[in-house]
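> coords below, sequence missing:
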């Protein structure tokens with residue numbers, strides 16, 4: 001019998017941005033996704049599971065999703081992979097955190113490699129497909145696995161990502177919701193950048209921003 005994957009949700013930083021540790025319990029290989037802050041706490045979770053980190057991934061380059069990248073890259077030795085459309089914003093992440101919020105983060109390093117739409121990442125028996133999902137930011141991606149998706153700030157339990165920040169686009173976000181989220185099976189678990197996990201089916205029928213959008 002195959003063991004369930006490791007999925008650890010770790011709220012980080014001043015606004016509780018979710019970092020995820022996702023791993024294969026058999027091979028003990030996995031990923032760190034959206035490490036916004038609190039690198040030591042994230043590293044502790046990785047160590048508790050005895051995971052080898054294949055890569056540090058981000059869904060987008062907002063400061064609250066990237067603040068622990070540099071420290072975790074140094075601790076784990078894992079490469080840092082960022083969406084190809086987010087590199088320019090990534091280069092300004094620390095400055096924007098200080099300017100807009102008065103909050104200090106370590107400036108993330110340049111990515112070791114760029115994430116591209118439709119590529120598949122593997123860690124042991126696990127796979128994640130990278131899907132471009134613009135709207136909250138132009139280069140935002142979601143990471144879709146078997147029965148789950150790490151959706152960053154595209155959709156939350158009962159809400160969706162804001163589009164009033166630079167690069168936000170409400171029309172693009174609606175397309176993303178229709179073409180990336182609502183096409184997934186209803187029992188797909190969505191792991192968002194803020195708040196609790198939810199499912200596609202729950203959001204399809206109860207999220208006021210998704211009700212009426214057609215994904216089928």
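Sure, I can see it. Quick caveat: nothing in here was measured; it's all calculated off a predicted structure.

> which is the next helix or strand following the lowest-mean-pLDDT helix or strand in the chain?
Of all regular secondary-structure elements in the chain, judged by mean pLDDT, DSSP states H and E, the least confident is helix 93-101 with a mean of 90. Read in the C-terminal direction, the helix or strand following helix 93-101 is strand 113-115, with elements assigned using DSSP states H and E.

> elements contacting that following strand?
With contacts taken as 3 or more CB pairs under 8 Å, 6 or more residues apart in numbering; DSSP states H and E, strand 113-115 sits against strand 80-83. In short, each C-beta sits where N, CA and C put it, glycine included.

> and the contacts of the strand it packs on?
Outside strand 80-83, the residues within contact range by CB atoms under 8 Å, 6 or more residues apart in numbering are 55-61, 69, 73, 90, 108-109, 111-115, 121, 130, 132, 139-141.

> just the buried ones among these, please.
Neighbour counting with 16 or more other CB atoms under 10 Å marks 55-61, 69, 73, 90, 108, 111, 115, 121, 130, 132, 139-141 as buried within the contacts of strand 80-83.

> how near is residue 96 to residue 136?
From residue 96 over to residue 136 the distance is 15 Å, taken as CB to CB, to the nearest Å.

> neighbour count winner among the two?
When neighbours are counted by other CB atoms under 10 Å, residue 96 and residue 136 differ, and residue 136 comes out ahead with 27 against 17.

> ignoring the adjacent residues along the chain, who's closest to that one?
Among residues not flanking residue 136 along the chain, residue 161 sits closest, at 3.5 Å (CB to CB, 6 or more residues apart in numbering).

> just residue 9 next, same as before
When the adjacent residues along the chain are set aside, residue 9 lies closest to residue 18, with 5.4 Å between them (CB to CB, 6+ apart).

> the one you found: neighbour count?
Taking other CB under 10 Å as the neighbour definition, residue 18 ends up with a count of 23.

> what do you get for residue 178?
The number of residues packed near residue 178 is 15, by other CB under 10 Å.

> what's the answer for residue 155, then?
Quick note: residue 155 (other CB under 10 Å) scores 30 neighbours.

> for it, name its beta-bridge partners.
According to DSSP bridges, the partner residues bridging residue 155 are residue 160.

> tell me the confidence at it?
For residue 155, the model assigns a pLDDT of 98.

> go ahead and confirm it touches residue 161.
Yes: at 7.0 Å, residue 155 counts as touching residue 161 under the criterion of CB atoms under 8 Å.

> ok, which stretches of the chain are strands?
Here the chain has its strands, by DSSP state E, at 6-12, 17-24, 29-33, 52-57, 80-83, 113-115, 120-123, 126-132, 141-144, 148-152, 155-156, 159-160, 189-192, 198-199.

> state the phi and psi torsions of the residue lying closest to residue 85 once chain neighbours are set aside.
For residue 85, ignoring the flanking residues on the chain, the nearest one in space by CB to CB, 6+ apart is residue 139 at 2.2 Å. Backbone geometry at residue 139, expressed as degrees, to the nearest 10, gives phi -100, psi 10.
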